[in-house]
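**Q** Kindly return the folded structure for what I paste below:
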Amino acid sequence: MTTAELQLLQALPLEDKIKKSALRIREWYEHWCGNVYISFSGGKDSTVLLYLVRSLYPDVPAVFCDTGLEYPEIREFVTQHENVTTVQPAMNFREVLQKYGYPVVSKEQSRYIYDIRNTRSEELRDFRLNGKTLPDGRKAKLGFLSKRWRFLLDAPFKISDKCCDVMKKRPLNIYEKETWRHMMTGEMASESRRRKSTYLMRGCNSFEMKRPKSTPIAFWTEQDVLNYLREYRIPYSSVYGDIMKREDGTLMLTGCERTGCMFCMFGVHLEKGENRFVRMKQTHPNIWNYCIHSLGIGEVMDYIGIPCDRDNRAMTVSNPEHTASEVK
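**A** This next block holds a predicted model:
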């Protein structure tokens, strides 16, 4: 698929997208004879997928990966749904940081920094530092560390992209091997360049991958998700706040815009206004205190030059409001 074709799909009315997603879900379900599951994070995108799938196949199980890094509101919301299996990683977040390093900037840039620092291959190190010259003489645009982030090679802390693999992918891989079920997830091409590239190459249903995966709403946009929740009155986690309409007719959330792992720093440098960590201090001060001071994320943010409202001393807090096992 080309970018232009994706843009045409993204411009379709919501009702047309619902029908197309239903076709992809049926295709996936029938191909695997019903041996499928929904990767349910409790976020708004996976909530939409949950309702789409179960409107067609009510008995499809959902799987929640309890990393210990979710918002308390997300964890509470997940428990309100039936037929949800919870899986957990073998390592907690602190152990991942100590062994591999902090997730900063983006998954790609963190991986490049990790490779440069740890690989024994001079060829890979050179590629990650300087890129690759293509046969036609042009320089490859991807696969190497951006000049903007080269100063992080000298950072006094470890950096890697391993967190998602250890805490999310591995537990779900184990679940798949034990049950022979195949994943459906709420990923969308509009979320990142990486996901867009994957969609253009593979489409919604990737049957031939080493680990087959379906992304039935990959051609939806953020506005589609909000419209679906609003028009069909689908319950969603309270951490998002309300869905409001702007003067230009587009929809917005009054609460959190993203609800991935609370301590992840991927993309935080792109956030306008108060970033996720500044807001966390206001909404979840106990978790913010643990994250910024106990896990050392405040020092990492300072080194990168991103505000997180950190002072030199940990806050004194009482009556912990969170339930995440990682934060206890």
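
**Q** Spatially nearest residue to residue 46 (excluding sequence neighbours)?
**A** What sits nearest to residue 46 in space, not counting adjacent residues and going by Cβ to Cβ, 6 or more residues apart in numbering, is residue 186, at 4.1 Å. C-beta: built from backbone N, CA, C; applies to glycine.

**Q** now do residue 304
**A** residue 104 (6.4 Å).

**Q** which ones are touching that neighbour?
**A** 110, 152, 159, 265-266, 300, 304 (Cβ atoms under 8 Å, 6 or more residues apart in numbering).

**Q** Look up the residues forming beta bridges with it.
**A** Beta bridges link residue 104 to residue 265, judged by DSSP bridges.

**Q** Pull the number of nearby residues for residue 205.
**A** 21 (other Cβ atoms under 10 Å).

**Q** Just to check, it is in contact with residue 26?
**A** No - using Cβ atoms under 8 Å, residue 205 is not in contact with residue 26, being 10.4 Å away.

**Q** pLDDT score for the residue nearest to residue 46?
**A** pLDDT recorded at residue 186 is 95.

**Q** Doesn't it lie inside a strand?
**A** No - counting by DSSP: H, G, I helix; E, B strand; the rest coil, residue 186 falls outside a strand, being coil.

**Q** hang on, isn't it packed against residue 45?
**A** Yes - Residue 186 lies in contact with residue 45 (Cβ under 8 Å); the separation is 3.6 Å.

**Q** give me the element residue 164 is part of.
**A** Here residue 164, judged by DSSP states H and E, is contained in helix 162-164.

**Q** Revised request: answer the last question for residue 196.
**A** Using DSSP H and E, residue 196 sits within helix 193-202.

**Q** Now do that helix: which elements does it pack against?
**A** Counting contacts by 3 or more Cβ pairs under 8 Å, 6 or more residues apart in numbering; DSSP states H and E, helix 193-202 packs against helix 3-10.

**Q** hmm, 10 Å instead?
**A** helix 3-10, helix 107-118 (3 or more Cβ pairs under 10 Å, 6 or more residues apart in numbering; DSSP states H and E).

**Q** Looking at these, which one is packed in the most?
**A** Comparing these by mean neighbour count (mean count of other Cβ atoms under 10 Å), helix 107-118 comes out on top with a mean of 20.

**Q** Give me the helices and strands touching it, please.
**A** strand 104-105, helix 122-130, helix 162-164, helix 193-202, strand 265-266.

**Q** contacting residues around the helix or strand that the longest one is followed by?
**A** Meaning helix 193-202. Using DSSP H and E, the next helix or strand after helix 193-202 towards the C-terminus is strand 205-206. Here strand 205-206 makes contact (Cβ atoms under 10 Å, 6 or more residues apart in numbering) with 23-25, 27-28, 31, 182-184, 198-199, 212-216, 218.

**Q** Any of the residues you listed buried? List them.
**A** Among those, the ones that count as buried by 16 or more other Cβ atoms under 10 Å are 24-25, 28, 182-184, 198-199, 212-216, 218.

**Q** want to try JSON lines for the residues you listed, with distance to residue 71 and secondary structure as columns?
**A** JSON lines is the format used below for these (distance: Cβ to Cβ, whole Å; DSSP: H, G, I helix; E, B strand; the rest coil):
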{"residue": "24", "distance to residue 71": "29", "secondary structure": "helix"}
{"residue": "25", "distance to residue 71": "27", "secondary structure": "helix"}
{"residue": "28", "distance to residue 71": "29", "secondary structure": "helix"}
{"residue": "182", "distance to residue 71": "28", "secondary structure": "strand"}
{"residue": "183", "distance to residue 71": "23", "secondary structure": "strand"}
{"residue": "184", "distance to residue 71": "23", "secondary structure": "strand"}
{"residue": "198", "distance to residue 71": "26", "secondary structure": "helix"}
{"residue": "199", "distance to residue 71": "27", "secondary structure": "helix"}
{"residue": "212", "distance to residue 71": "30", "secondary structure": "coil"}
{"residue": "213", "distance to residue 71": "25", "secondary structure": "strand"}
{"residue": "214", "distance to residue 71": "26", "secondary structure": "strand"}
{"residue": "215", "distance to residue 71": "23", "secondary structure": "coil"}
{"residue": "216", "distance to residue 71": "25", "secondary structure": "coil"}
{"residue": "218", "distance to residue 71": "24", "secondary structure": "coil"}
